[in-house]
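Asks: Please work out how this folds:
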Amino acid sequence: MSSGSIVSSNMLMDTLSIHREVAKGAIKISPNPSDHAQVYGSFTDLVKSKVEAVNQDQNRSSMAMMAVDSGKSDDLVGAMVASQKASLSFATMLQIRNRLVQAFDDVMKMPI
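Replies: Numbering: from 1, shown residues only. All right, here's what the predicted structure looks like:
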């Protein structure tokens, strides 16, 4: 395992623990660590902002790849890193969605 994947795993685990605390209502976070003015009021707002962040990662990746493909940029490594970041963030979002759907199904199947 490379040190980059260890760092990514640690960052992912930190992010998941923060999400756990937010879901419990123990903490509130802002979209930018430097900007503490906006605080999420609900889980819906948090999910919307994370989906928008994943979309922005996808758009940045697409623009970087198009710039390399068209010859406007020679930063192939940067484009590949952006592509991998977008892929990882999308995969993470997809797994979170799957877990939420599974939890909803489990709640719906509970006897009254």
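
Asks: going forward, measure contacts and count neighbours with C-alpha atoms only.
Replies: Will do.

Asks: Need the single longest helix in this structure, by residues.
Replies: helix 76-108 (DSSP state H).

Asks: Now do that helix, average pLDDT.
Replies: For helix 76-108, the mean per-residue pLDDT is 93.

Asks: packing partners for that helix?
Replies: With contacts taken as 3 or more Cα pairs under 8 Å, 6 or more residues apart in numbering; DSSP states H and E, helix 76-108 sits against helix 43-70.

Asks: Please identify the buried residues of the helix it packs on?
Replies: Residues of helix 43-70 classed as buried: Leu46, Ala53, Val54, Asp57, Gln58, Arg60, Ser61, Ser62, Ala64, Met65, Ala67, Val68 (neighbour count, 16 or more other Cα atoms under 10 Å).

Asks: What residues sit buried inside the longest helix of the chain?
Replies: Neighbour counts over helix 76-108 (16+ other Cα under 10 Å) mark Ala79, Ala82, Ser83, Lys85, Ala86, Ser87, Leu88, Ser89, Phe90, Met93 as buried.

Asks: Please identify which of the buried residues of helix 43-70 is nearest to Met108.
Replies: Leu46 (23.2 Å; Cα to Cα).

Asks: distance of the closest one from Gln84?
Replies: Leu46 sits at a distance of 23 Å from Gln84 (criterion: Cα to Cα, to the nearest Å).

Asks: ditto for Gln102
Replies: Distance from Gln102 to Gln84, by Cα to Cα: 27 Å.

Asks: now the longest helix of the chain against helix 43-70, angle please.
Replies: Between helix 76-108 and helix 43-70, the angle comes out at 150 degrees (axes from the mean of the first three to the mean of the last three Cα atoms, to 10 degrees).

Asks: could we number from 32 for the rest of this?
Replies: Will do, 32 is the new start, and the previous item becomes helix 107-139.

Asks: backbone phi and psi for Pro142, please?
Replies: Dihedral pair for Pro142: phi -70, psi 150, per degrees, to the nearest 10.
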